[in-house]
Every structure is written in C-alpha cells, then in structure tokens.
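1. Let's see this in three dimensions:
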Amino acid sequence: MSERLRRERLAYGAGAETLCTLALRLQGYRILARRFRAPVGEIDIVARRGALLSFVEVKARRDFDRAAEALGPRQRRRIHRAALQFLKRRPDLAGCAIRFDVMLVAPWRWPRHVADAWRE
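-> Numbering: from 1, shown residues only. So this is what the prediction gives:
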C-alpha cells in the first residue's frame, strides 16, 4: 500500500470516528475517550450514558454490510482486553454496566449504531 493511500484511509477513518462521536452525543452519551491505546489493543470510542459504559468500535467501509463483516473474533478479543485496561485506569467507573458496540459508517449515510454487538 502506498503512503498516500495509507494517509487517505487514516483520514477517512478519523472522519468516521468524529461523525460517530457526534451521533453518540446526540443520543445522550458523553465521550470519555477516543482512540484509547493499550499494549493489548485499541478502542475507537469510550462513551458513557448514565451508568452504562460503551466501548465502541467504528467500522467505515463502502457500505454497511462490508462494515459489519469487518469485525472479527480476534479484534473483539483485543478490544475486550483493552477495555479491561481502561477500567483499571479508571476505577471510578467500576460500578458501570459494560457494553461492546459497533458503529457502521458508509459514505453519505448517517452512522448505524449496533448496541451490544457482542459479549465477552
């Protein structure tokens, strides 16, 4: 992959994440973190609404079906391990219910929020 193409994909992904944070805010969520990185994995968005803590993976593809297929079991495990690291750093959130969500992004469409997309 060329450097130019890599930069374009990164910019597209960053724009998709920004759009998803806006959509979550409009749903009443408060964004706690974006692009949380831990040695075991990364979480695109950590959002909270009341006592619910959502770890959100953003998938941006040409259409919603391709975006939905892009999240495999290995990546889900990495997100789960990163979520545990996030919670270790934020003991004040220990009483929150935890959920793993996916937001699907396709060009010229509002993001589709798939709540409770998987469980560990």
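2. if I look at Gln85, how far off is Glu42?
-> Gln85 is 10 Å from Glu42, where distance means CB to CB, to the nearest Å. Every residue, glycine included, has its C-beta placed from N, CA and C.
3. To clarify, my last question referred to Leu5.
-> Counting by CB to CB, the separation of Leu5 from Glu42 is 21 Å.
4. Just want to know which of Gln85 and Glu42 has more residues nearby.
-> Set Gln85 next to Glu42 and count neighbours by other CB atoms under 10 Å: Gln85 wins out with 16 against 13.
5. what is the residue lying closest to that one once chain neighbours are set aside paired to in the beta sheet?
-> Nearest non-adjacent residue to Gln85, counting by CB to CB, 6 or more residues apart in numbering: Ala38, 3.8 Å away. Going by DSSP bridges, Ala38 is paired in beta bridges with Gly41.
6. Look up the pLDDT of Arg9 for me, please.
-> pLDDT, the model's per-residue confidence, is 87 for Arg9.
7. element containing it?
-> Following DSSP states H and E, one finds Arg9 within helix 3-26.
8. Gly41 is in contact with Arg78, correct?
-> Yes: Arg78 lies in contact with Gly41 (CB atoms under 8 Å); the separation is 3.3 Å.
9. Spell out the residue ranges of the strands in the protein.
-> Assigned by DSSP state E, the strands in the chain fall at 30-38, 41-49, 52-60, 97-105, 112-118.
10. So which of the ones you listed is nearest Arg90?
-> Closest approach to Arg90 among the strands of the chain (CB to CB): strand 30-38, 7.8 Å.
11. what does that closest one contact?
-> Applying CB atoms under 8 Å, 6 or more residues apart in numbering, the external contacts of strand 30-38 come out as 17, 21, 24-25, 42-49, 53, 81-82, 85-86, 90.
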